[in-house]
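Colleague: output the structure for:
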Amino acid sequence: MVSTDPNKLAFNDGWQYAPAPESTDHVKIDDQYELFIGGEFVAPEEGRYFESINPATEETLSSVALASSADVDRAVKAARKAYNGAWSKMAAADRGKYIYRIARILQERAREFSVIESLDGGKPIRESRDIDVPLAAAHFFYYAGWADKLEYAFPGRKPEPLGVAGQIIPWNFPLLMAAWKIAPALACGNTVVLKPAETTPLTAMKLAEVIRDAGLPPGVVN
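Modeller: Residues are numbered from 1 along each chain as shown. Sure, this is the predicted structure:
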């Protein structure tokens, strides 16, 4: 509803969705996604996959690797190796630079991520385009800035990383929830094993590509 009185606020006007100019033409969804472990995409040990489906059309978008307990062990070992090796010992400012790269690449690929988020989860494109994806990039920018300032946030204390963070995210804000989990963990010097929701895994798999392209040491995020 829109108010015809110029002196009155039209509170409901903000919920009207205009046609979105985005299309799937510039989006590439692979037929199959493997597990991202140790900086590489690897096949699951048991060879099992599940389908990710567009809830609006019931079209199969892609097949995604289904991890077994052995695969989870591989991911945890890769994360522990990265933690004990480069990541926890790296200068905080350098960790921040890696996180900043993730944010920049997300910005550059924002339209692609927005369309995939809507296709995979059924979310209106306006929400993924104008809210979820920009906020996800903003969170990586935010924590990139915090990486070398933690000692100022806690005067008299020396912040120390804890180790490997196991992170589980739901279906309703897939990319944004991943950013909320991953960015602060990395800024504090921890490494990550992330499990996306089975119903909305595709932006997490695309985020793995971003992390690889940003040049993070292998195993920092799995």
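
Colleague: I'd say Val27 and Ser114 touch.
Modeller: No. The pair Val27 / Ser114 is not scored as a contact, 9.2 Å apart, by Cβ atoms under 8 Å. Quick note: C-beta positions are derived from backbone N, CA and C, even for glycine.

Colleague: more neighbours: which of those two?
Modeller: Ser114 (26 against 16; other Cβ atoms under 10 Å).

Colleague: count the residues that sit near the spatially closest residue to that one that is not a sequence neighbour.
Modeller: Closest residue to Ser114 apart from its sequence neighbours, by Cβ to Cβ, 6 or more residues apart in numbering: Arg129 at 4.0 Å. Arg129 is flanked by 21 other residues according to other Cβ under 10 Å.

Colleague: in this structure Arg129 contacts Arg111, no?
Modeller: Yes. Contact criterion Cβ under 8 Å: Arg129 and Arg111 qualify, at 7.4 Å.

Colleague: I'd like the distance between the residue nearest to Ser114 and Ala92.
Modeller: Distance from Arg129 to Ala92, counting by Cβ to Cβ, to the nearest Å: 33 Å.

Colleague: again, but for Arg48
Modeller: For Arg48, the distance to Ala92 - Cβ to Cβ - is 39 Å.

Colleague: and the pLDDT for Arg157?
Modeller: Turning to Arg157, the model gives it a pLDDT of 85.

Colleague: distance-wise, check it relative to Leu150.
Modeller: Distance of Arg157 to Leu150, given as Cβ to Cβ: 9 Å.

Colleague: next one: Thr203
Modeller: Taking Cβ to Cβ, one finds Thr203 at 28 Å from Leu150.

Colleague: between those two, who's got more neighbours?
Modeller: Thr203 (26 against 16).

Colleague: and that one, helix, strand or coil?
Modeller: helix (DSSP: H, G, I helix; E, B strand; the rest coil).

Colleague: quick one, what contacts it?
Modeller: The contact partners of Thr203, taken as Cβ atoms under 8 Å, 6 or more residues apart in numbering, are 113, 116-117, 120, 174-175, 178.

Colleague: just those now: which is nearest Ser88?
Modeller: Set against Ser88, the nearest of these by Cβ to Cβ is Ala178 (21.3 Å).

Colleague: what is the burial count for that closest one?
Modeller: Count around Ala178 with other Cβ under 10 Å applied: 22.

Colleague: in contact with it, which residues are there?
Modeller: 136, 167, 169, 194, 196, 203-204, 207.

Colleague: next, the buried residues of the longest helix along the chain.
Modeller: Taking DSSP state H as the criterion, the chain has its longest helix at helix 92-108. If you call a residue buried by 16 or more other Cβ atoms under 10 Å, then helix 92-108 has these buried ones: 92, 95-96, 98-107.
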